[in-house]
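J.: curious how this folds, go ahead:
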Amino acid sequence: MRPNRLLALPLALVLSTAARAHDLWLSPSPGGVAVQFGHVHEPELPNADKLVHLSALTGAGTTRLSARPEGTVLAAALPAGAEGALVSAAYDNGFWVRLREGGERNADRRSVPDAQRSQWSMKFAKAVIGPGAPWERVLGQTLEIVPLEAPGAAAGAIRVRVLFEGRAVAGAEVVATSGEAPETRVTTDAKGAARVPLAQGGRQILAVSHRVRPSRTPDLADADAYSATLAFATAEPRTN
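T.: Okay, here's the model as predicted:
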């Protein structure tokens with residue numbers, strides 16, 4: 001993980017639904033958690049070598065998790081006996097360049113000096129799993145979505161705050177995905193907080209991204225691109 005910047009950074013956050021870079025998110029699985037990568041409705045197998053952190057915070061403390069490929073996910077078991085867990089992950093997606101002739105390549109600017117643009121990509125994810133999860137804890141991820149109320153109790157909306165290097169970010173666009181319902185989008189206020197509407201009950205994934213220029217490694221990339229997700233579940237509405 002790279003050290004925090006001491007200088008003030010631009011706070012413009014950009015998230016484009018159709019064309020945005022791949023996200024990292026976490027989903028509950030029987031007795032464990034699945035690390036997923038790609039687009040929510042089109043996941044692909046994450047690269048296990050790029051998963052630089054995976055842990056579960058429970059009432060007993062923090063436990064490092066070990067993930068293994070399983071279908072299109074990396075699967076990990078949760079600590080036995082825990083009533084709930086706040087699971088977190090970090091994924092270093094490396095350097096990427098956009099070629100002048102079109103397309104992208106997993107390389108840095110030093111390798112492709114005539115690239116149209118280049119960036120380093122880092123992804124973070126959190127998931128609130130189970131009723132006893134310590135959902136209110138700030139984990140200190142470089143880019144983090146922090147719930148301001150119990151996710152399981154959210155009825156139609158949830159209040160969250162977006163933090164970058166521990167600082168609240170105003171003007172961040174948060175995108176919520178709920179099953180097959182259309183995405184909803186909101187922008188954080190001056191304190192980095194937002195009330196995010198949830199289109200339907202069940203699995204929820206909130207996402208945000210942040211692009212910083214210049215890169216911390218300007219000889220290798222033009223910018224550093226961060227993304228973060230928060231996953232949780234709400235009760236499905238009853239039907240007669």
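J.: shaky segments in this structure?
T.: By pLDDT under 70, the weakly predicted segments of the chain are 1-21, 153-155, 236-240.
J.: the same query, at a cut-off of 80, please.
T.: The chain contains residues with pLDDT under 80 at 1-21, 152-155, 235-240.
J.: number of nearby residues for K50?
T.: 16 (other CB atoms under 10 Å). Placement of C-beta: from N, CA and C, glycine included.
J.: thought it was touching A90?
T.: No: between K50 and A90 there is no contact under CB atoms under 8 Å: 9.5 Å.
J.: surely S121 is in contact with W96?
T.: Yes: judged on CB under 8 Å, S121 makes contact with W96 at a distance of 6.1 Å.
J.: the residue lying closest to K191 once chain neighbours are set aside and T188: what is the separation?
T.: Nearest residue to K191, sequence neighbours excluded (CB to CB, 6 or more residues apart in numbering): A168, at 5.4 Å. To T188, A168 is 8 Å away according to CB to CB, to the nearest Å.
J.: of these two, who's got more company?
T.: Between A168 and T188, counted using other CB under 10 Å, T188 has the larger neighbour count: 24 against 17.
J.: now do the phi/psi pair for that one.
T.: Note on T188: backbone dihedrals following degrees, to the nearest 10 are phi -70, psi 150.
J.: how close does it sit to A127?
T.: From T188 to A127 the distance is 21 Å (CB to CB).
J.: pull the distance from stretch 170-186 to the chain's centre.
T.: 13 Å (CA atoms, centre = their mean, to the nearest Å).
J.: buried stuff in that stretch?
T.: 172-178, 184, 186 (16 or more other CB atoms under 10 Å).
J.: for those, name the two members farthest from one another.
T.: A172 and S178 (19.3 Å; CB to CB).
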